[in-house]
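In: Sequence first, predicted model second:
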Amino acid sequence: MAGAGSASDGGTLDRVVERPRRLLQQVRRTLRTEEDGEPTLAVALLAAAVSAAVLSPVVWLLLRAAEVGPTEAIDLLASGNTLTVLTNSVALVAAVTVASVVLGVPLAVVTVQTDLPFRRFWTVAVALPLVVPSYVGAFAFVSAFGPRGVLSDALTPVAFQLPQVAGVGGDSVVLLSEFPTIYGFGGATLVLTAFVYPYVFLTTRASLLSFDTAQLEAARTLDTGYWEAFRRIVLPQIAPGVTAGALLVALYTLSDFGTPAIMHFDTFTRTIFVELNTFARSHATLLSLQLLGVTAVILALESRIGPGEADGYGSRSSTESVIELGYWVVPVTLSLVGVVIVTLGVPVGILGLWLVRSGPGYAAGGLAFEWQFGLNSAMLAAAAAVVTTLAALPIAYYAGRSSSRLGELIERPTYVGYAMPGVVLGLALVFFGTRYAPGLYQTLPLLIFAYVVRFLPQAVGATRSSVMGVDRALIGAARTLGESPSRAFRRVTLPLIAPGLVAGAALVFLTTMKELPATLILQPSGFTTLVSYIWRVQEAGYYGQAALPALVLVAISSVSMLLLLRGENTEL
């Protein structure tokens with residue numbers, strides 16, 4: 001009995017010792033392994049750390065807001081001007097987003113699922129407006145269609161016959177002696193739509209390329225018309241791409257400063273900039289917080305109307321078209337020509353005209369253009385693209401693989417920086433640098449961090465879509481064959497999501513090349529980029545001197561767009 005008791009006591013002791021050991025092993029497996037395709041805790045912690053770093057400028061903004069007295073804050077929030085700015089901003093975001101979806105989705109369908117001739121050419125042509133900075137496009141449109149503009153002067157003699165107004169007798173007509181103004185809400189909507197609709201086009205096109213056209217062909221064999229099949233089969237599956245593009249358009253419109261300023265349309269960004277120039281920084285801070293509140297509302301709406309997680313993409317789209325245009329090929333082609341003329345022909349043509357009119361002396365004086373400015377811009381954008389892509393990887397991987405609510409909670413905050421105006425972000429980081437990290441103030445690392453905060457969602461969105469397309473069974477198979485989590489990720493997951501990483505890096509490079517306010521505020525002294533030079537000469541009224549660097553900026557940015565489109569594994 002005694003021996004049995006001793007054996008029993010020994011077994012109890014072994015169990016007491018073994019239990020914490022097994023618990024420790026379980027913790028280690030949680031940290032180091034990946035079960036059933038679920039990301040590890042280490043990935044979650046890294047993603048959360050990056051997300052928190054992106055939100056840090058909001059903290060500095062709140063610290064600045066805390067210095068404003070409550071009476072002053074209430075007076076500003078209750079003023080009629082604040083309500084006007086809010087209404088204008090929301091209306092502009094809604095108009096540009098709807099217009100971009102209406103334009104971008106049909107263009108994506110035409111270039112993917114039809115027998116349109118030269119589809120590859122049209123794909124590149126309708127995507128290239130994304131490389132034109134909106135402020136450069138706004139200047140070009142004002143120069144073309146503004147008072148005494150090149151095209152408005154040519155079109156003014158044309159008589160527009162208007163229908164008879166009710167209650168007015170006679171059969172007289174009204175002749176417009178002046179071309180309609182380009183300024184205001186209409187001009188801002190036109191310009192922004194012309195240069196941001198490619199976001200919707202590219203994300204929708206990516207979804208269509210991942211769509212199995214066999215489903216659509218099967219529906220067609222059941223005597224279902226294309227539009228009915230598109231509505232019931234295609235649209236629900238490409239909705240994530242459409243929603244992602246629409247979200248990027250909405251956030252870009254809300255944060256854009258150059259176009260509303262040039263079009264004389266009061267939005268949050270223009271008003272904040274005016275307040276900053278008058279040194280009313282407390283007002284600018286409070287308006288910035290209001291803008292972030294509108295951003296939060298947009299993100300909340302997008303999370304409600306956007307579809308849930310996709311079931312996975314088992315196959316890719318066939319390269320064969322499923323729609324025969326027939327006699328519709330002529331109007332469709334003419335429509336594409338019209339889009340390209342408005343979005344590319346006008347700005348590039350005006351820039352060329354500025355360059356010709358400037359004459360041989362465009363590079364004279366203190367505003368001389370140097371090619372080093374272009375090299376500075378390219379190197380800075382490349383560094384920002386690499387850092388942003390690396391920062392986006394853990395967030396995109398965790399959000400795309402995790403089945404918990406935490407993945408969404410980690411991903412959502414990254415969009416705040418994208419919606420924050422560059423001028424507000426720049427001032428928040430100046431406040432941080434001057435008070436807490438003087439060694440980083442006016443340095444390239446702080447400027448690159450600003451770019452990461454601004455453009456991280458672009459890399460996250462592109463990478464997350466690729467992560468969601470990776471079959472979990474492939475990862476499980478690699479694990480059962482004895483591969484470690486890191487080797488399984490490097491040999492299986494990374495090659496499959498590489499196109500998404502490249503696409504995200506290309507988008508970041510592209511938008512970094514065009515970023516203006518943050519660059520002006522945070523760039524080191526004596527470090528001049530293309531955008532800072534362009535803005536300086538445009539402010540001085542030397543449009544001819546802005547033409548060459550603007551064309552260089554467009555050309556360099558076009559390279560990233562071509563790389564993005566080249567990543568599509570399809571024959572057009």
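Out: Received, thanks.
In: pLDDT wise, what is residue 553 at?
Out: pLDDT, residue 553: 82.
In: Tell me how many other residues surround it.
Out: 27 (other CB atoms under 10 Å). Bear in mind the C-beta positions are built from the backbone N, C-alpha and C, glycine included.
In: List the contacts of it.
Out: Contacts for residue 553 (CB atoms under 8 Å, 6 or more residues apart in numbering) come out as 133, 136, 374, 377, 513-514, 530-531, 534.
In: try it again with 7 Å
Out: 133, 513, 530 (CB atoms under 7 Å, 6 or more residues apart in numbering).
In: possible to save these as JSON lines with secondary structure, neighbour count and distance to residue 548?
Out: Output for these, formatted as JSON lines (DSSP: H, G, I helix; E, B strand; the rest coil; neighbours: other CB atoms under 10 Å; distance: CB to CB, whole Å):
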{"residue": "133", "secondary structure": "coil", "neighbour count": "25", "distance to residue 548": "15"}
{"residue": "513", "secondary structure": "helix", "neighbour count": "27", "distance to residue 548": "16"}
{"residue": "530", "secondary structure": "helix", "neighbour count": "28", "distance to residue 548": "10"}
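In: can you give me the helices for the stretch 251-400 of the chain?
Out: 258-262, 268-277, 281-305, 329-340, 346-358, 371-401 (DSSP state H, counting those that start in this stretch).
In: now the angle from the top helix by length along the chain to helix 329-340?
Out: When the chain is parsed with DSSP state H, its longest helix is helix 80-113. Counting by axes from the mean of the first three to the mean of the last three CA atoms, to 10 degrees, helix 80-113 lies at 140 degrees to helix 329-340.
In: Which neighbouring elements make contact with helix 80-113?
Out: Counting contacts by 3 or more CB pairs under 7 Å, 6 or more residues apart in numbering; DSSP states H and E, helix 80-113 is packed against helix 119-127, helix 185-209, helix 235-255, helix 268-277, helix 281-305.
In: Could you point out the helix or strand that follows the shortest one?
Out: Beyond helix 119-127 on the C-terminal side, the first helix or strand identified by DSSP states H and E is helix 134-145.
In: Output the contacting helices and strands for that following helix.
Out: Packing partners of helix 134-145 (3+ CB pairs under 7 Å, 6+ apart): helix 150-155, helix 185-209, helix 258-262, helix 346-358.
In: what pLDDT, on average, does that helix get?
Out: Mean pLDDT, helix 134-145: 85.
In: which regions of the stretch 451-572 of the chain sit below the pLDDT cut-off?
Out: Counting by pLDDT under 70, the stretch 451-572 of the chain shows low-confidence ranges at 469-492, 541, 560, 563-572.
In: no no, the stretch 51-200 of the chain
Out: Flagging of the stretch 51-200 of the chain using pLDDT under 70 yields the residue ranges 148-180.
In: got the contact list for residue 373?
Out: Per CB under 7 Å, 6+ apart, neighbours of residue 373: 528-530, 533, 549.
In: Can I get the residues you listed in CSV including secondary structure and distance to residue 285?
Out: Listed next are these as CSV, based on DSSP: H, G, I helix; E, B strand; the rest coil; distance: CB to CB, whole Å:
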residue, secondary structure, distance to residue 285
528, coil, 29
529, coil, 27
530, helix, 30
533, helix, 29
549, helix, 33
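In: Tell me the one of the residues you listed nearest residue 46?
Out: Ranked by distance to residue 46 (CB to CB), these are led by residue 529 at 31.1 Å.
In: contacting residues around the closest one?
Out: With CB under 7 Å, 6+ apart, residue 529 has these contacts: 373, 376-377, 380, 519, 523.
In: Deepest in the core, which of the helices of the stretch 251-400 of the chain is it.
Out: Across the helices of the stretch 251-400 of the chain, averaging neighbours per residue (mean count of other CB atoms under 10 Å) puts helix 258-262 on top, at a mean of 25.
In: pLDDT averaged over it - what is it?
Out: In this model, helix 258-262 has an average pLDDT of 86.
In: about what we covered before: for residue 384, find the nearest of the helices and strands packed on helix 134-145.
Out: helix 185-209 (18.5 Å).
In: I'd like to know which elements that closest one is packed against.
Out: helix 80-113, helix 119-127, helix 134-145, helix 235-255, helix 258-262.
In: Dump these to TSV, plus distance to residue 441.
Out: Below are those laid out as TSV (distance: least, CB to CB, whole Å):
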stretch	distance to residue 441
helix 80-113	30
helix 119-127	38
helix 134-145	26
helix 235-255	23
helix 258-262	25
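In: out of the helices of the stretch 251-400 of the chain, nearest to residue 82?
Out: Proximity to residue 82, assessed across the helices of the stretch 251-400 of the chain by CB to CB, is greatest for helix 281-305 (7.3 Å).
In: So which residues make contact with the closest one?
Out: With contacts defined as CB under 7 Å, 6+ apart, helix 281-305 is touched by 58, 61, 64-65, 68, 72-73, 76, 86, 89-90, 243, 247, 250-251, 254, 268, 271-272, 275-276, 412, 415-416, 419-421, 424.
In: Quick one, which of those residues are buried?
Out: Buried members of the contacts of helix 281-305, scored by 16 or more other CB atoms under 10 Å, are 58, 61, 64, 68, 73, 76, 86, 89-90, 243, 247, 250-251, 254, 268, 271-272, 275-276, 412, 415-416, 419-421, 424.
In: give me the number of residues near residue 542?
Out: Neighbours of residue 542 under the rule other CB under 10 Å: 16.
In: typo on my end, residue 559
Out: Residue 559: 15 surrounding residues under other CB under 10 Å.
In: Please identify which helix or strand holds it.
Out: Residue 559 is part of helix 543-566, with elements assigned from DSSP H and E.
In: buried ones in that helix?
Out: So, applying 16+ other CB under 10 Å, buried residues of helix 543-566: 543-554, 556-558, 560-561, 564-565.
In: Now do it and helix 134-145, the angle between them.
Out: Going by the same axes, to 10 degrees, helix 543-566 makes 120 degrees with helix 134-145.
In: I figured residue 272 was touching residue 425, is that so?
Out: No. Residue 272 is beyond contact range of residue 425, at 11.3 Å (criterion: CB atoms under 7 Å).
In: Any chance you could list what contacts the helix or strand hosting residue 498?
Out: Here residue 498 sits within helix 494-514, counting by DSSP H and E. Helix 494-514 has contacts (CB under 7 Å, 6+ apart) with 130-131, 133, 377, 380-382, 384-385, 388-389, 392, 451, 455, 458-459, 462-463, 465-467, 470, 531, 553, 556-557, 560-561, 563-564, 567.
In: For residue 52, which non-adjacent residue is spatially closest?
Out: Closest residue in space to residue 52, ignoring its immediate chain neighbours: residue 413 at 8.0 Å, by CB to CB, 6 or more residues apart in numbering.
In: For that neighbour, give its distance to residue 296.
Out: Residue 413 sits 10 Å away from residue 296, going by CB to CB, to the nearest Å.
In: Kindly report the same for residue 422.
Out: 19 Å.
In: try residue 517
Out: Distance, residue 517 to residue 296, by CB to CB: 21 Å.
In: Compute the inter-axis angle for the longest helix of the chain and helix 268-277.
Out: Angle of helix 80-113 versus helix 268-277, following the same axes, to 10 degrees, is 130 degrees.
In: Report the buried residues of helix 80-113.
Out: Residues of helix 80-113 classed as buried: 82, 85-86, 88-90, 92-93, 95-97, 99-101, 103-105, 107-113 (neighbour count, 16+ other CB under 10 Å).
In: One more: stretch 493-512?
Out: Residues of stretch 493-512 classed as buried under the neighbour-count rule (16+ other CB under 10 Å) are 493, 497, 499-512.
In: go on, stretch 531-542?
Out: Judged by neighbour count (16+ other CB under 10 Å), stretch 531-542 contains these buried residues: 531-538, 542.
In: Rebuild those as JSON lines, extending it with distance to residue 340 and secondary structure.
Out: Converted to JSON lines, the buried residues of stretch 531-542 look like this (distance: CB to CB, whole Å; DSSP: H, G, I helix; E, B strand; the rest coil):
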{"residue": "531", "distance to residue 340": "25", "secondary structure": "helix"}
{"residue": "532", "distance to residue 340": "30", "secondary structure": "helix"}
{"residue": "533", "distance to residue 340": "28", "secondary structure": "helix"}
{"residue": "534", "distance to residue 340": "24", "secondary structure": "helix"}
{"residue": "535", "distance to residue 340": "27", "secondary structure": "helix"}
{"residue": "536", "distance to residue 340": "31", "secondary structure": "helix"}
{"residue": "537", "distance to residue 340": "28", "secondary structure": "helix"}
{"residue": "538", "distance to residue 340": "25", "secondary structure": "helix"}
{"residue": "542", "distance to residue 340": "29", "secondary structure": "coil"}
